[in-house]
Structures are given as structure tokens and as C-alpha cells.
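J.: The amino acid sequence is not available; the structure is as follows:
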Ligand SMILES: NC(=O)C1=CN([C@@H]2O[C@H](COP(=O)(O)OP(=O)(O)OC[C@H]3O[C@@H](n4cnc5c(N)ncnc54)[C@H](O)[C@@H]3O)[C@@H](O)[C@H]2O)C=CC1
Ligand SMILES: O=C(O)C(=O)[C@@H](O)CO
């Protein structure tokens, strides 16, 4: 029997934990890297090897790496920092960078990996923790065909749909950033509608039920406004992720002198929520920027 591919997932948070467990479920020999002990313990309990110490102990054994840290700085730290894994991987090991980062960062990380003799797939993901947990993410990726091919067992394990956008590093990031424009605007619009419903005295459960069975619905409305109705802001994706992602969207518009009025407004709403102290709550907590309303889970006003 052929030996199972050995893959390490770096960043065992909302997305990376599900991706790592999907690799395990697909029969891949799975390793995890995350400074949070609780995340390492959870993955080890599921049958993987996990460490908070960078992964150099097993780097040489790996056939592939997936990076699902929050941002480019964390990605760089995990790859090239003091405990970075890149210097210890076998030459040619494919590194699937799936964090949502800028085009410039994707290109710069690919160049630094190439200098270390490693190949990158620019491979952002979508679907949230639920799809990550069942190996059903959508991957929008760019890179050389041979890197896609080398990562095929990992893509099969973590994704329900893989888009081969192009061979040019940065095109995956561009597609994801444009997707995030919609994702962020849809959450912000859903929050605005639900805030107005609260102000108008309509039961939020009723409003949610109507919209999810009518033409105003969206994937984000259905997914995120449920959290508002339940008054549960446990982070599946944090407000600060959208401060980052809509920041990437607006910077992309600025770089092309291209107006993005909806994305700019949505960015301001998430940034306001973050400044108000809600940055680590679920991104549906953007609804808390609206004044004069009482939401499910709020303390009754005195
Ligand atoms: N949460 C979501 O629904 C989605 C998130 N994304 C993107 O996926 C990426 C990950 O997002 P989440 O899983 O939500 O973030 P998260 O904050 O839940 O998880 C990130 C993990 O990376 C770990 N980490 C930080 N620095 C590290 C390092 N140097 N080495 C190893 N691990 C490190 C953290 O301890 C944390 O466990 C982000 O770029 C996000 O924009 C994409 C699609 C959906
Ligand atoms: O693409 C997704 O899936 C998401 O939920 C993101 O938009 C949130 O980071």
C-alpha cells in the first residue's frame, strides 16, 4: 500500500483546525502547528502530531504544508521567523498559502519561498468553519500546474470545489479579495436590515424567517444573522478579520483609483465595531454599531 502523504497545517483556528481534521479524515498523515496549546491538544486528540514550536522536528518528513494563519505577518513568521519551517522543508515541498492576504504579500511570500527552494500555491479559501470541518471548502487558487498536482491529495481532503484561476501568483488573492467585497458588504447590509427591524419593533426571528425565504436573502445573511437572532457572538470569523479583508478590498480600489462606495462604507462599519471593543466577536457583531436598539442577548436597558 502507498504511504500516506504527510501534510502540516499551520494555524489551527476556525479554518485551520477543520482543514487539519479533514486531512486526517482523508487518511493523510497530519501535523499541526499553532502557538495555542489548546489547539494543539485538540488536534492531537483527533490523531495528529501537533506542536507550538514551529515544526522543525518533523519538517523534513513533510510532503506538503497548508498555511491558515490570520494574516501575512503571521504567515511570514510561521515560514521564515525564528522558528520558521521553510528552512527545514525538503526542496520543492509545496506550500499552500490559504490565509486571506494582499496580492503584494502573496507575490513576496512566493518569491521568498522560491529562494528557499519551495513552491507556493496562492490558495485562499471560503466556506467558514463549518465547511472547513467537513472538507468542503471552496478554494480559489493560482500557481503552476505542477504545484496544483503535487497538492491534489490535500485539495481533495479539504475542498469541495477547487478553482484553478491561473498560473500567476496573486490571481488567487485578487479573486478572494473581490469575493470579500461581497461577503463583507452582505454582512453589513444584513446587519443594517436587522437593526432597522429591531428599531421598528419587528421580532428578529420573524424578520430572519421572512428574508431567508424571500429574494433579499444571501448566504451571509442566512449564516451570520442567525447569530444575531440567537444573541450568540462566539467568533466563527471575527469582526477584525473583516477589518483586515475590507481593508484589502479598499486598498485594491485605491491602487487602481477605482471607486468602491459600498465596500468603503462596510469597512467603516467593521472598523467602528472594532474600535468599540467588538473586534474579537463574531463578525455579525457589526450590528452593534447601530444606536438605539436592543438586540437578543443584550441586557435590558434600565
Ligand atoms: N473564519 C472564517 O470563516 C474564514 C477565514 N478565512 C481566512 O483564513 C485565515 C484564518 O482565519 P481564522 O481561522 O478565522 O483565524 P483564527 O484566528 O481562528 O486562527 C488563526 C490561527 O493561527 C494561529 N497562529 C498565529 N500565528 C501563528 C504562527 N506564527 N504559527 C502558527 N500558527 C499561528 C493562531 O494561534 C490561530 O489559532 C484568515 O486569513 C482568514 O481571513 C477565510 C475564509 C473563512
Ligand atoms: O469566505 C468565507 O467563507 C468567509 O466566511 C469569510 O468571508 C470570512 O472571513
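T.: Ah, there it is. Model, not experiment: these values are computed from the prediction. Ligands and ions are numbered 1, 2, ... in the order given.

J.: so residue 259 sits in a strand?
T.: No - under DSSP: H, G, I helix; E, B strand; the rest coil, residue 259 sits outside any strand and is assigned coil.

J.: Now do it against ligand 1, distance only.
T.: 24 Å (C-beta to the nearest ligand atom, to the nearest Å). Yep, even glycine has a C-beta here, placed from its N, CA and C like the rest.

J.: Tell me where the model's unsure across the protein.
T.: The model of the chain has pLDDT under 70 over residues 1, 300-302.

J.: How many residues are close by the residue in it positioned nearest to ligand 1?
T.: Nearest to ligand 1 in the chain, going by C-beta to the nearest ligand atom, is residue 13, at a distance of 1.7 Å. Look at residue 13: counted by other C-beta atoms under 10 Å, it has 18 neighbours.

J.: Could you double-check that it lies in contact with residue 35?
T.: No - Residue 13 sits out of contact with residue 35 when judged by C-beta atoms under 8 Å, with a separation of 11.0 Å.

J.: Surely the residue of the chain closest to ligand 1 is within a strand?
T.: No - the assignment for residue 13, made by three-state DSSP, is coil rather than a strand.

J.: quick one, what contacts it?
T.: When contacts are counted by C-beta atoms under 8 Å, 6 or more residues apart in numbering, residue 13 touches 34, 39, 68, 70.

J.: cutoff 7 Å now
T.: residue 68 (C-beta atoms under 7 Å, 6 or more residues apart in numbering).

J.: That one and residue 38: what is the separation?
T.: Spatial separation of residue 13 from residue 38 under the definition C-beta to C-beta, to the nearest Å is 11 Å.

J.: is ligand 2 contacted by stretch 91-106?
T.: No - under the criterion of C-beta under 6 Å from any ligand atom, ligand 2 is not reached by stretch 91-106; the shortest gap measures 6.6 Å.

J.: got the end-to-end distance for that stretch?
T.: With C-alpha to C-alpha, to the nearest Å as the measure, stretch 91-106 spans 20 Å from end to end.

J.: is ligand 1 contacted by it?
T.: Yes - contact between stretch 91-106 and ligand 1 is present through 99-100 (criterion: C-beta under 6 Å from any ligand atom).

J.: buried sites along that stretch?
T.: Of the residues in stretch 91-106, those scored as buried under the neighbour-count criterion (16 or more other C-beta atoms under 10 Å) are 93-103, 105-106.

J.: Could you list which of the residues you listed belong to helices?
T.: 103, 105-106 (DSSP state H).

J.: those helices in the stretch 201-302 of the chain, which residues are they?
T.: Secondary structure of the stretch 201-302 of the chain by DSSP state H, counting those that start in this stretch: the helices cover 204-211, 219-230, 239-255, 261-273.

J.: In TSV: those helices, plus mean neighbour count and distance to residue 178.
T.: What follows is these, written out as TSV (neighbours: other C-beta atoms under 10 Å; distance: least, C-beta to C-beta, whole Å):
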stretch	mean neighbour count	distance to residue 178
helix 204-211	16	24
helix 219-230	19	15
helix 239-255	21	8
helix 261-273	20	10
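
J.: could these be laid out in CSV, adding distance to residue 120?
T.: Formatted as CSV, the entries for the helices of the stretch 201-302 of the chain read as follows, by distance: least, C-beta to C-beta, whole Å:
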stretch, distance to residue 120
helix 204-211, 40
helix 219-230, 29
helix 239-255, 18
helix 261-273, 27
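
J.: could I get these as TSV with distance to ligand 2?
T.: Shown next, in TSV, are the helices of the stretch 201-302 of the chain (distance: least, C-beta to the nearest ligand atom, whole Å):
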stretch	distance to ligand 2
helix 204-211	18
helix 219-230	8
helix 239-255	5
helix 261-273	11
